[in-house]
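Trainee: Give me the fold of what follows.
(2 chains)
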Amino acid sequence: MSFLELQNITKIYPNGTKAVNETSLNIDNGEFVVFVGPSGCGKSTLLRMIAGLEDITSGEISLDGNIINNIDPSERDVAMVFQNYALYPHMSVFNNMSYGLKNRGISKDEINNKVNDVAKLLEIDQLLTRKPSMLSGGQRQRVAMGRAIVRNPKIFLFDEPLSNLDAKLRNQMRLEIKKLQRQMGVTSIFVTHDQTEAMTLGDRIVVINNGVVEQVGTPKEIYSKPNTKFVAEFIGSPQMNLFQCKIENGLAKISDMQINLNNSLNIQDACIGVRPDDILISDQGEYSSSANLVEYLGSDMIIYSSVGGQEFSCKLSSKINLKAGDNFKFNISPSALHVFDNNSGQRV
Amino acid sequence: MKIKPIEILSHIILILGVLLMVLPIWFSFATSTHDNVSIMTEGMKFFLGESFSQNYNEVLNEKGGWSEEVTAARMFMNSFIMALGIATLKVVISAMSAYALVYFRFKLAVPIFWLIFITLLVPLEVRIFPSYKIVSDLGLTNTYTGLILPLVASATATFFFRQFYKTIPDELLESAKLDGANSWRFFIDFLLPLSKTMLAAMFIFMFVYGYSQYLWPLIMTTDEKYWTVVMGMKIIFTENYEGVALPRTGERFAYIILSMLPPVLVVVILQRWFIKGLIQTEK
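Mentor: Model (predicted):
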């Protein structure tokens, strides 16, 4: 039995919107799981149901062997870091962190010790007497984390906590969250719409779309073997190129370009995906096209081109000398191809 | 530094405004320190006279009224109790009812809110007979309860508290829930401290409202022990007015000056809190 088990969880809002549909998921103790998906896909709702802030329409959630469907959020022993941190504006940092402990009836000395320890760990021990309004974004973030950590919960829930920070701070905090989670070994669920965060943070990633889990797996599995067209497009930057085509006897036809898949598939309405960095440019290339647009990113550059009216991009080292309007030749190795059936959206 | 003409002009306008507000009060105060003969013969005074202690002493301690039993000091106390009771209860009840309306999402919350809101259209003066009937049937005439209780519901304050609570982000409540705060604790530990400014402002308004009530205490009280200051203004020091004695204008002005003090004190004391709250925006 897993530490956190979701069984056929469904959430239907009073207005009839189905936010989460028959979701089942097992999370092990100490695992760092990331829920990722576009906005409105139900990932936050799922998280809030685990926290107890949202009623469960049907299904069962069990934590550490107990079914927690009807247990009050305060008694579930979960801690949550909110997107806007939800710090208590009228309380000092110390009181913000100690409030939950006080409600649990823990003695003053113990509260002092715990808060001070956590404050040192997060390097906010100089700020304990300040009010949240006197803190910077990064410091608020730390206090919000501290408030969660100090309670020593069974599970940490993060609801897009990094989206209010600037890019540099976001990367820094991302690393820190990862380190802290490793250090403390507390089961954590992190919700984000940013696939970079998902890839870097998660032991496992849960890709959610329209209230349905599309794929669960390690970042590597998700990236190298996307189960569905949605996952293929959603994970990876720049996006995976998808070519609409017809496959006859293992030969994919994209207008006048033909790719040999080295198998004997026959699909009328198919789609093949190639990651932009799996398109290899070389003078001996099998296929040719012309660059419509070149984006220079420093070490890399991205070339936008099209084949038979279907646009695609390739990512390559900026050492190669290629300008917009130039023709180029490229190769695609069959092992780097992802084939999807357009009707089901599933990987073939 | 050069002074621009526009600044001089605006200062003149402001000073005129201040004078407009302050002069009548100063005249009243100055007049209240003269004896009745000189007021009678010379009219309102601008400079201070010599009867300050005599006039104010008489006002506070002389027994007046028809039964010659009530003193102005007693009436000040009555008014103070009434205003304090009304303001405190109004603030507490409004804050709590707004809390229920905003956070307990029961089905009829919106209709009930509008029901409360339209009571604004029915002030006490309009419903004075039914109100009196109820209070007298309950045997509450000539009591502080009777003076205070019918006035403690406030649509205005409920409305302001409701609007304020609505601006508090939901995450705060959710975070507090996860931290183990029940609905009572959330009210005490979060909403009340966050609405400090609001509480002070409402208390000021409601205190002044309670203090300046005239019609209700006039109807409610037959016993002079429960007279309030505003009622007394009409009644006290007028008993000799139609007789041969001089009108007691000096005492009456002293009485008016004294009657202004409690609301002024409340405003001055709470204003600091109020402004502090405005400066430190904590949301």
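
Trainee: make it CA atoms for all contacts and neighbour counts henceforth
Mentor: OK.

Trainee: Return the residues of the stretch 101-250 of chain B in contact with chain A.
Mentor: Taking Cα under 8 Å from any Cα of the partner chain as the contact definition, the stretch 101-250 of chain B meets chain A at B:169, B:171-172, B:174-181, B:190, B:193-194.

Trainee: which among those end up buried?
Mentor: Those of those that meet the buried threshold are B:171-172, B:174-181, B:190, B:194, by 16 or more other Cα atoms under 10 Å in any protein chain shown.

Trainee: Show me those residues that map onto helices.
Mentor: Per DSSP state H, helices hold the following members of those: B:171-172, B:174-178, B:194.

Trainee: Flag the shaky bits of chain B, pLDDT-wise.
Mentor: Within chain B, the stretches with pLDDT under 70 are B:1, B:64-68, B:236-245, B:277-283.

Trainee: The same query, at a cut-off of 80, please.
Mentor: B:1-3, B:40, B:61-70, B:105, B:233-248, B:273-283 (pLDDT under 80).

Trainee: Backbone dihedrals for residue 9, please?
Mentor: Here I'm looking at chain A. With angles defined as degrees, to the nearest 10, residue A:9 sits at phi -70, psi 130.

Trainee: The chain in question should be chain B.
Mentor: Backbone torsions of residue B:9, given as degrees, to the nearest 10, read phi -60, psi -50.

Trainee: Please apply the same query to residue A:32.
Mentor: Torsion angles at residue A:32 (phi, psi; degrees, to the nearest 10) stand at phi -110, psi 110.

Trainee: ditto for residue A:254
Mentor: phi -110, psi 100.

Trainee: Would you mind measuring from the residue lying closest to it once chain neighbours are set aside to chain B?
Mentor: Counting by Cα to Cα, 6 or more residues apart in numbering or on different chains, residue A:254 lies nearest to residue A:245, which is 5.2 Å off, once chain neighbours are set aside. Residue A:245 sits 48 Å away from chain B, going by Cα to the nearest Cα, to the nearest Å.

Trainee: Count the residues that sit near residue A:245.
Mentor: Counted with other Cα atoms under 10 Å in any protein chain shown, residues neighbouring residue A:245 total 20.

Trainee: Helix, strand, or coil at it?
Mentor: strand (DSSP: H, G, I helix; E, B strand; the rest coil).

Trainee: show me the residues around it that make contact.
Mentor: By Cα atoms under 8 Å, 6 or more residues apart in numbering or on different chains, the residues touching residue A:245 are A:252-255, A:268-272.

Trainee: Return the item of the residues you listed having minimum pLDDT.
Mentor: The lowest pLDDT within those belongs to residue A:255, with 78.

Trainee: what sits against it?
Mentor: A:245, A:307-308.

Trainee: So which elements touch the strand or helix carrying residue A:144?
Mentor: Per DSSP states H and E, residue A:144 falls inside helix A:137-149. Counting by 3 or more Cα pairs under 8 Å, 6 or more residues apart in numbering or on different chains; DSSP states H and E, the packing neighbours recorded for helix A:137-149 are strand A:78-81, helix A:93-103, helix A:108-121.

Trainee: how close does the closest residue to residue B:220 other than its chain neighbours sit to residue A:173?
Mentor: Spatial nearest neighbour of residue B:220, chain neighbours left out: residue B:141 (5.4 Å); criterion: Cα to Cα, 6+ apart. For residue B:141, the distance to residue A:173 equals 67 Å [Cα to Cα, to the nearest Å].

Trainee: Show me which of those two is the more surrounded one.
Mentor: Remark: of residue B:141 and residue A:173, residue B:141 carries more neighbours, 22 against 18, as counted by other Cα under 10 Å.

Trainee: which SS state does residue A:253 fall under?
Mentor: strand.

Trainee: and whichever residue of the stretch 151-300 of chain A sits closest to chain B, what does it touch?
Mentor: Closest contact between the stretch 151-300 of chain A and chain B, by Cα to the nearest Cα, is at residue A:151 (8.8 Å). The contact partners of residue A:151, taken as Cα under 8 Å, 6+ apart, are A:79, A:100-101.

Trainee: Need the three-state assignment for it.
Mentor: Taking three-state DSSP, the label given to residue A:151 is coil.

Trainee: in the stretch 201-348 of chain A, what spans have low per-residue confidence?
Mentor: Using pLDDT under 80, the flagged stretches of the stretch 201-348 of chain A are A:255-256, A:262.

Trainee: Spell out the residue ranges of the helices in it.
Mentor: Along the stretch 201-348 of chain A, counting by DSSP state H, counting those that start in this stretch, helices occupy A:219-224, A:229-234.

Trainee: For those, state which one has the densest average packing.
Mentor: Comparing the helices of the stretch 201-348 of chain A by mean neighbour count (mean count of other Cα atoms under 10 Å in any protein chain shown), helix A:229-234 comes out on top with a mean of 21.

Trainee: between the ones in helices among the buried ones among the residues of the stretch 101-250 of chain B next to chain A, which is closest to residue B:84?
Mentor: Nearest to residue B:84 out of those is residue B:194 (Cα to Cα; 22.5 Å).

Trainee: measure that closest one to residue B:267 for me?
Mentor: 20 Å.

Trainee: Residue A:158 too?
Mentor: For residue A:158, the distance to residue B:267 - Cα to Cα - is 46 Å.

Trainee: Name the SS class of the most centrally placed residue in chain B, please.
Mentor: Among the residues of chain B, the one closest to the centroid is residue B:208, at 1.3 Å (Cα atoms, centre = their mean). What three-state DSSP gives for residue B:208 is helix.

Trainee: contacting residues for it?
Mentor: Counting by Cα under 8 Å, 6+ apart, residue B:208 touches B:83, B:263.

Trainee: now do residue B:146
Mentor: With Cα under 8 Å, 6+ apart, residue B:146 has these contacts: B:135, B:140, B:220.

Trainee: Most neighbours out of those, which is it?
Mentor: Result: residue B:220 is most packed of those (other Cα under 10 Å), 20 neighbours.

Trainee: which residues does that residue contact?
Mentor: By Cα under 8 Å, 6+ apart, the contact list for residue B:220 reads B:132, B:141-142, B:146-147.

Trainee: ok, residue A:158 touching residue A:191?
Mentor: Yes: contact criterion Cα atoms under 8 Å: residue A:158 and residue A:191 qualify, at 6.0 Å.

Trainee: got the contact list for the residue nearest to residue A:284 when sequence neighbours are not counted?
Mentor: Nearest non-adjacent residue to residue A:284, counting by Cα to Cα, 6+ apart: residue A:329, 7.0 Å away. Contact analysis of residue A:329 by Cα under 8 Å, 6+ apart lists A:281-289.

Trainee: Just the buried residues of the residues you listed.
Mentor: A:281, A:287-288.

Trainee: Distance of the residue lying closest to residue A:99 once chain neighbours are set aside relative to residue A:149?
Mentor: Using Cα to Cα, 6+ apart and skipping residues adjacent in sequence, the residue nearest residue A:99 is residue B:179, 6.9 Å away. Separation of residue B:179 from residue A:149 (Cα to Cα): 12 Å.

Trainee: Which neighbours do these two have in common?
Mentor: Contacts common to residue B:179 and residue A:149, judged by Cα under 8 Å, 6+ apart, are residue A:79.

Trainee: rewinding a little: tell me the most buried of the helices and strands packed on helix A:137-149?
Mentor: Most buried of the helices and strands packed on helix A:137-149, by mean neighbour count (mean count of other Cα under 10 Å): strand A:78-81, with a mean of 26.
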